[in-house]
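# Need coordinates for the following:
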Amino acid sequence: MITHSGDTSNLILDPDLDSYYLMDITLCALPQNQDRLGKVTATVGEWLRKSETAGHKAEIAVMAAMLAESDRDRIVGDAQTVLNEDKNFYGVSESLQQKLPVAIGSYKAATEGFIALLQRIVTGTDLPGAEEFETAGWNARAESFRLWNAAVSELDVLLDTRVKAYRHKRFVSYAGMGLAGLIVTVVMWVIIRKLNSQLSNLSNRLNQNSGFVSSEARQISNASQALAEGASEQAASLQETSASLEEMSSMIRQNSDNAQKADTLARQTRDAAEVGVNDMKAMNAAMAAIQASSDDIAKIIKSIDEIAFQTNILALNAAVEAARAGEAGMGFAVVADEVRNLAQRSAQAAKETEEKIQSAISRTAQGVQISGKVEKGLEQIVSRVREVTELVAEVAGASREQSQGILQINAAVGQMDQVTQTNAAAAEESAAAVEQLNHQALAMKESIVELLQLVKGAKGDHAAVDGAVAEGPGALPVTSAVIRTLKPKATAKSAKAPVDEFEMAMPRS
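Residues are numbered from 1 along each chain as shown. Modelled structure (predicted):
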């Protein structure tokens, strides 16, 4: 029941330390202590009667420790905290400061006496009798109940004090709310009177300006019509410009294609010229080889000529020796003469061959020179072709960039055309919206008349209101000046738009 009371009363969630620890004593610590005292008294008393305490000393020691640490120390500590924290919550409770220390002292003395008996039993010296032990146990339990009654009473006092404090706060809050309501009522009355005056002045000014709004709306409508016509003409001009740009773009695209083809042909020409240069280099190398071979042949012919000359000398020497020999050398002389003839013929043939080879060498050298000149000419042609190729490539690139630029310009002109058409449509919508604004201004004038009737408490005088409109100051001067600078053309068109289009066209405040 005690645990149920603690759970349902929310005392375990108490934020005030004095009442919280007092709740812990009454709802948790003391009930546990009372239950433990009853069990220990009955159990150990029975062991004393039967002289069985020697076999239960460990259990008795645990009971003594539990009573000292879990019960006595906790209860005494909670009570000390309650006494220390009492001044911090709703003031000092005199009854608490007087009664609780007395009850705690009695409980502590009785409990410590009972614990001392348990410790005597554990040590085995001067064992108490069963009746003495039970009397001390029941006395300690009775002091626990007395402490519980005192704690419960003081807990009720603390809770009553808190309830009174909350009631006082509630009364102060209600009084403050009532005073605030009274102040708000007075302030609202003053504000309403001031608002009535301001609304009256505002209604008069609105009434005066409503006519000017209608006049300015007509001027804006005319200006919007003129703007729509100008935008339409500009859209037509932009369409013609777009067509011209399309034609120019087609021509530039064709030029770009032709430049691309010229670039391809120039590259092919450059490749062919480079092939010719390579062939001329090969031919020069071949002619140089021929010239080297001719030089070698000339050297060989010169060697043959020298051999023929030596042979001729030997033949002459042989003929001289044959003549000296007389008839014996006649045959040898004939042979020597034939050898000399052959040597002379060989020398003559070698000489003729040398002349022809020299002529061939001279012509070969001329061919080498001519081939070198042709090679240099082809190299110059290749260089020029490369320059032409680069120029053609640059022209082709420029043509492509120009074509892309024209396309971008054409796209920009197309966007300008769309924007211009949108502006023309917006101008027409503005004219229709302004016409609707004129009707709204008239309706606003009627509403202002009703507002004046409500503010002044009169029936209203439309003639007086119209006179105020006619004699009102020049409202919206800036708008008038701006509209007049547009110099709109007269038009017979008067577009009308539904109310929802007017609401979409006008800015919302």
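
# Outline the domain layout of this structure.
Per automatic domain parsing, the domain ranges recorded for the chain read 2-128, 188-231+424-505, 238-423.

# could I get the ones you listed as JSON lines with mean pLDDT?
As requested, those are exported to JSON lines (pLDDT from 0 to 100):
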{"stretch": "domain 2-128", "mean pLDDT": "83"}
{"stretch": "domain 188-231+424-505", "mean pLDDT": "63"}
{"stretch": "domain 238-423", "mean pLDDT": "82"}
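
# Distance to Glu134 for these - can I get that in a markdown table?
C-beta coordinates here come from the backbone N, C-alpha and C atoms, glycine included. Output for the domains of the chain, formatted as a markdown table (distance: least, Cβ to Cβ, whole Å):
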| stretch | distance to Glu134 |
| --- | --- |
| domain 2-128 | 4 |
| domain 188-231+424-505 | 79 |
| domain 238-423 | 108 |
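
# In contact with Asp71, which residues are there?
Residues near Asp71 by Cβ atoms under 8 Å, 6 or more residues apart in numbering: Ala29, Gln32, Asn33, Arg36, Thr111.

# Next up, identify which helix or strand Thr353 is on.
Using DSSP states H and E, the element containing Thr353 is helix 330-456.

# cool, Leu100 as well?
Going by DSSP H and E, Leu100 is in helix 94-123.

# Indicate which one of the domains of the chain is closest to Phe171.
The closest of those to Phe171 is domain 2-128. By Cβ to Cβ, the value is 15.8 Å.

# now that closest one: how far from the chain's centre is it?
Distance of domain 2-128 from the chain centroid (Cα atoms, centre = their mean, to the nearest Å) equals 66 Å.

# The helix holding Leu100 - contacts with which helices or strands?
Helix 94-123 sits against helix 30-49, helix 57-65, helix 73-85, helix 130-325, with contacts defined as 3 or more Cβ pairs under 8 Å, 6 or more residues apart in numbering; DSSP states H and E.

# now the angle from the third one to helix 30-49?
Pointing back at helix 73-85 there. Here the directions of helix 73-85 and helix 30-49 differ by 150 degrees (axes from the mean of the first three to the mean of the last three Cα atoms, to 10 degrees).

# Pull out the buried positions in helix 73-85.
Residues Arg74, Ile75, Val76, Asp78, Ala79, Thr81, Val82, Leu83, Glu85 are the ones in helix 73-85 that count as buried (16 or more other Cβ atoms under 10 Å).

# Quick check, Gln234 in contact with Gln421.
No: if you go by Cβ atoms under 8 Å, Gln234 and Gln421 don't touch, sitting 9.4 Å apart.

# For Gly178, grab the count of nearby residues.
Residues near Gly178, counting by other Cβ atoms under 10 Å, number 10.

# quick one: it from Met188, how far?
Distance, Gly178 to Met188, using Cβ to Cβ, to the nearest Å: 15 Å.

# cool, and Glu229?
56 Å.

# These two: which has the busier surroundings?
Legend: neighbour count by other Cβ under 10 Å for Glu229 and Met188, higher for Glu229 (17 against 11).

# what's the distance between the more buried one and Glu428?
10 Å.

# and if you look at Asp160?
On the measure of Cβ to Cβ, Asp160 and Glu428 end up 82 Å apart.

# Who has more neighbours out of these two?
Counted by other Cβ under 10 Å, Asp160 and Glu428 do not tie: Glu428 has more neighbours, with 20 against 10.

# How about the more buried one, nearest residue that isn't a chain neighbour?
Leaving out its chain neighbours, the residue that sits closest to Glu428 by Cβ to Cβ, 6 or more residues apart in numbering is Ala228, at 4.8 Å.

# And Thr420, by the same measure?
Per Cβ to Cβ, 6+ apart, closest to Thr420 is Ala235, 4.3 Å.

# so that neighbour touches Thr422, yeah?
No: taking contacts as Cβ under 8 Å, Ala235 lies outside contact range of Thr422: 9.5 Å.

# Show me which of those two is the more surrounded one.
Taking neighbours as other Cβ under 10 Å, Ala235 and Thr422 compare with Ala235 leading, 18 against 12.

# For the helix holding Thr353, name the packing helices and strands.
Checking 3+ Cβ pairs under 8 Å, 6+ apart, helix 330-456 ends up next to helix 130-325, helix 462-470, helix 499-505.

# got the angle for that helix vs helix 130-325?
Using the same axes, to 10 degrees, helix 330-456 lies at 150 degrees relative to helix 130-325.

# Renumber starting at 34 from here on
Shifting the count to begin at 34 puts that one at helix 363-489.

# and stretch 298-305, which residues are buried?
Buried residues in stretch 298-305 (16+ other Cβ under 10 Å): Ala299, Arg300, Thr302, Arg303.

# what's the neighbour count on the residue lying closest to Arg303 once chain neighbours are set aside?
Sequence neighbours aside, Val418 is the residue nearest to Arg303 in space, at 4.2 Å (criterion: Cβ to Cβ, 6+ apart). Val418 has 19 neighbours, counted by other Cβ under 10 Å.
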